[in-house]
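Enquirer: predicted coordinates and the sequence they were generated for:
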Amino acid sequence: MALINVKTKEVQIKIVYYGPGRGGKTTNLEYINHTYRDQIKTEMVSLKTHDDRTLFFDFLPFDVGRIKGFDVTIQLYTVPGQVKYNATRRLVLRGVDGIVFVADVQKAQRAKNIESLNQMYENLETYNLDLFKMPVVMQYNKVDLGKSNTPILASEILQRDLNSILRVPAFEASAITGGNVIPTLKKIISITLASIQDQLF
């Protein structure tokens, strides 16, 4: 639920990057942080442990202009990837307005992608949020690994596994090189803003 301040004419939107461990969620935000450095008002907060790259979240707001006279600020978060941090993942989803699901295209990660998507659905339900009514963009990350002979899943398989029912926009991406990172971001911002327009007076 977007945070709307009628007095100051500000709206704050929360977008969460969700997906299996080491799938590229943090790398996405690091690339965005580097690319949009001049537009970002705060430092990116990254909490790392020895066994997971992101323990809590990365926090990265930047302005996208005005809508219906309201100043818009986007907050970008990642969740920790490992299953044992599910309570933290659930906490980060509180108040979410839009989600980028970052799937790992490596064949070895196929089951973890599906498990993570199912867990996200369950975590959203704890806040009475319906995944099928939520702005979501799929990102199939690490396609660059195909060049190094790492076995990767075809997009058709990922679409069937993760997006055959949701039918949301999907991008093949390489967060490490920046491939389709910004188009993914722009798409989730645009569909999230469209979904909250009705909340603005």
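Expert: The structure has been received and is ready for your questions.

Enquirer: assess the claim that N141 and G179 are in contact.
Expert: No. Counting by CB atoms under 8 Å, N141 stays clear of G179, with 9.2 Å between them. Yep, even glycine has a C-beta here, placed from its N, CA and C like the rest.

Enquirer: in terms of neighbours, single out the busier of the two.
Expert: Between N141 and G179, N141 has the larger neighbour count (other CB atoms under 10 Å), namely 30 against 18.

Enquirer: ok, what's across the strand from the more buried one?
Expert: D104, A173 (DSSP bridges).

Enquirer: in this structure, which spans are helices?
Expert: With DSSP state H as the criterion, the chain has helices at 25-35, 86-92, 110-125, 155-158, 181-196.

Enquirer: from the chain's centroid, how far away is the shortest one?
Expert: What that stands for is helix 155-158. Centre-to-centre, helix 155-158 and its host chain are 19 Å apart (CA atoms, centre = their mean, to the nearest Å).

Enquirer: can you point out the buried residues in that helix?
Expert: Residues S155, L158 are the ones in helix 155-158 that count as buried (16 or more other CB atoms under 10 Å).

Enquirer: and what of the first one?
Expert: Burial within helix 25-35, assessed by neighbour count using 16+ other CB under 10 Å, is assigned to K25, T26, T27, N28, L29, E30, Y31, I32, N33.

Enquirer: can you check the third one too?
Expert: By neighbour count, with 16+ other CB under 10 Å as the criterion, the buried positions of helix 110-125 are R110, K112, N113, S116, L117, Q119, M120, N123, L124.

Enquirer: cool, the second one as well?
Expert: Of the residues in helix 86-92, those scored as buried under the neighbour-count criterion (16+ other CB under 10 Å) are T88, R89, R90, V92.

Enquirer: quick one on the thing from earlier: closest to E172 out of the buried residues of helix 110-125?
Expert: Set against E172, the nearest of these by CB to CB is N113 (14.1 Å).

Enquirer: what about that closest one, distance to L129?
Expert: Per CB to CB, to the nearest Å, N113 is found 21 Å from L129.

Enquirer: and for I40?
Expert: Note on I40: its distance to L129, by CB to CB, is 27 Å.

Enquirer: thinking again about what came up before, let's have the buried residues of helix 86-92 in TSV, adding pLDDT and distance to P151.
Expert: As requested, the buried residues of helix 86-92 are exported to TSV (pLDDT from 0 to 100; distance: CB to CB, whole Å):
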residue	pLDDT	distance to P151
T88	81	31
R89	84	27
R90	89	32
V92	87	31
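
Enquirer: let me have those in JSON lines, extended by distance to L145.
Expert: Shown next, in JSON lines, are these (distance: CB to CB, whole Å):
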{"residue": "T88", "distance to L145": "28"}
{"residue": "R89", "distance to L145": "25"}
{"residue": "R90", "distance to L145": "30"}
{"residue": "V92", "distance to L145": "27"}
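
Enquirer: need the pLDDT of the spatially closest residue to L193 that is not a sequence neighbour.
Expert: With sequence-adjacent residues excluded and distances taken as CB to CB, 6 or more residues apart in numbering, L193 is closest to I67, at 6.3 Å. If you check I67, the pLDDT there is 82.
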